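Asker: The following block contains a protein sequence and its predicted model.
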Amino acid sequence: MSVFVEEIVSAPAVEQDVCSLDNYLAQPDHTIDGRIAAARAKLGKSTILLGHHYQRDEVIRFADYTGDSYKLSKIAAETEARYLVFCGVHFMAESADVLGRPDDPPGTGQQVILPDLNAGCSMADMAEIGQVEDCWDSLMAAGLSPADILPITYMNSTAAIKAFCGERGGLVCTSSNAGKAFDWAFARAEKILFLPDQHLGRNTAFAMGIPLNEMVVWDPYQINGGLTPARLKAAKIILWKGHCSVHQRFLPEHVEKVRAKYPGIKVAVHPECRWEVCQKADALGSTERLIHLVESAPEGSMFAIGTEIHLVNRLAKEFAAKGKRIITLDDTGCLCTTMYRISPQHLAWALENLVEGRVVNRIQVREDVKRWSRVALDRMLEIRA
């Protein structure tokens, strides 16, 4: 069984009175803004800040570009910047490194920095490379062959999982092109192994006319995924048992409650939500599509949106002046706690270390993993047109 290893480079343990993260974390938020601005001014065009839509307002205000993970990685790779500071989560920084400019000639490549290494993704962590390789071996032992099945991984996965798919003829997808990715795969094989979000896979397949009884869920913590060989052979879609901790919190009852309270309201949710929620919604869409739905709606429109609370609150503020009302589908709020770990203090620490010539928390994907990840991503580009 192969093991994919990622190299994470941190600051050397020197000049602790200047660069120690603990010194930064002790500072109140409002005292950090000026330092961030000053560091950015000194770094100039050598450094860009990438802010994911779900990032907290105190951080995303400094971003040069905002968007979803793939969009940000693509934009960053096309810039002249040497340093890419990704205010998102771990797999996003990996994708930026995979797509970034190579270090050829030496000293010209892009380096990706994640201000807090604890900013991970619970969904991506639900599919570990060893578990996925064991799953694949079990599928082959159950009578399937590589010609029968193709693996597809959602962008919200580790570089190791992307490489796994690329090496086995599969590809990466986003929430906006998952349907096209499924069509691409079915033109080449009878079955799909979809990682790591079961809900996106189920919602995508169902929208294509595949019934629920032709989908099964592989549980990596059960022998043979908890499935019999006969059940595996009968299924068209094998869904990995993973989910987004934010989007899984939305329930069908939330849709019913908001409709009862606000007659005529439109419910729009991310396809990472449960199938039962998506079936009750008026619209499904990626983060970018949810934003577009609000932007293109006429004055007086009202939406209940099922996605991360920072984005919903940001949309509510932005469009209130345009006569549109935006509320969250679940008023208890759904926060991406791991992305929230990146704070103004972490950002200031990373930037001021750069000013001093130190690259901290560099995310560097191993070259063989990067190569196969890029193959999987390039295949995705084939279907984007």
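Answerer: Received, thanks.

Asker: before we move on, what SS does the spatially most central residue of the chain have?
Answerer: Compute the mean C-alpha point of the chain, and by CA atoms, centre = their mean the closest residue is residue 156, 3.7 Å away. With DSSP: H, G, I helix; E, B strand; the rest coil as the basis, residue 156 sits in coil.

Asker: so it makes contact with residue 91?
Answerer: Yes: the pair residue 156 / residue 91 is scored as a contact, 6.2 Å apart, by CB atoms under 8 Å. Bear in mind the C-beta positions are built from the backbone N, C-alpha and C, glycine included.

Asker: Could you list the buried residues of the host helix or strand of residue 317?
Answerer: Assigned by DSSP states H and E, residue 317 belongs to helix 309-320. Buried residues in helix 309-320, counting neighbours by 16 or more other CB atoms under 10 Å, are found at 309, 310, 311, 312, 314, 315, 316, 319.

Asker: and it, what other elements does it pack with?
Answerer: helix 57-60, helix 287-296, strand 302-306, strand 325-328 (3 or more CB pairs under 8 Å, 6 or more residues apart in numbering; DSSP states H and E).

Asker: deepest of the ones you listed, which one?
Answerer: Per residue and on average, the most neighbours among the helices and strands packed on helix 309-320 fall to strand 302-306, with a mean of 25 (mean count of other CB atoms under 10 Å).

Asker: Could you export that one as CSV, CA atoms only?
Answerer: Extracted in CSV, the C-alpha atoms of strand 302-306 (Å, rounded to 0.1, in the frame of the first residue of the first chain):
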residue,chain,number,x,y,z
MET,A,302,-36.2,36.9,-0.2
PHE,A,303,-34.0,33.9,0.1
ALA,A,304,-33.3,31.3,2.8
ILE,A,305,-29.8,29.9,2.0
GLY,A,306,-28.4,26.7,3.3
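
Asker: ok so, going back, roughly how far is the helix holding residue 317 from the heart of the chain?
Answerer: Relative to its chain's centre, helix 309-320 lies at 20 Å (CA atoms, centre = their mean, to the nearest Å).

Asker: Run the angle between that helix and helix 287-296 for me.
Answerer: Compare the direction of helix 309-320 with that of helix 287-296 by axes from the mean of the first three to the mean of the last three CA atoms, to 10 degrees and you get 20 degrees.

Asker: And the chain, what are its domain boundaries?
Answerer: Here the domain parsing of the chain from automatic domain parsing is 6-119+339-366, 124-243, 247-328.

Asker: okay if I get the buried residues of helix 309-320 as TSV plus pLDDT and distance to residue 382?
Answerer: Listed next are those as TSV, based on pLDDT from 0 to 100; distance: CB to CB, whole Å:
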residue	pLDDT	distance to residue 382
309	89	35
310	88	33
311	89	29
312	93	34
314	90	33
315	93	32
316	95	38
319	95	36
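
Asker: ok, of the residues you listed, which one's closest to residue 377?
Answerer: Set against residue 377, the nearest of the buried residues of helix 309-320 by CB to CB is residue 311 (24.3 Å).

Asker: How much space separates that closest one from residue 179?
Answerer: Residue 311 sits 23 Å away from residue 179, going by CB to CB, to the nearest Å.

Asker: Same question for residue 123.
Answerer: The value you get for residue 123 to residue 179, if CB to CB is used, is 20 Å.

Asker: Then residue 204?
Answerer: Distance from residue 204 to residue 179, by CB to CB: 6 Å.

Asker: who has more neighbours, these two?
Answerer: A direct count of neighbours by other CB atoms under 10 Å for residue 204 and residue 179 places residue 204 higher, at 26 against 17.

Asker: what residues are up against the more buried one?
Answerer: 178, 179, 182, 271 (CB atoms under 8 Å, 6 or more residues apart in numbering).

Asker: What confidence value was assigned to the closest residue in space to residue 25 that isn't next to it in sequence?
Answerer: The spatial neighbour of residue 25 that comes closest, neighbours along the chain excluded (CB to CB, 6 or more residues apart in numbering), is residue 345 at 5.1 Å. pLDDT for residue 345: 94.

Asker: Tell me, how many residues neighbour residue 345?
Answerer: Residues near residue 345, counting by other CB under 10 Å, number 25.

Asker: Give me the buried positions along whatever helix or strand residue 376 lives in.
Answerer: With elements taken from DSSP H and E, the one containing residue 376 is helix 367-382. By neighbour count with 16+ other CB under 10 Å, helix 367-382 contains the buried residues 369, 370, 372, 373, 374, 375, 376, 377, 379, 380.

Asker: That one - what's its average pLDDT?
Answerer: The predicted model gives helix 367-382 an average pLDDT of 93.

Asker: Surely residue 80 is in contact with residue 47?
Answerer: No: look at residue 80 against residue 47 with CB under 8 Å: they stay out of range, at 10.9 Å.
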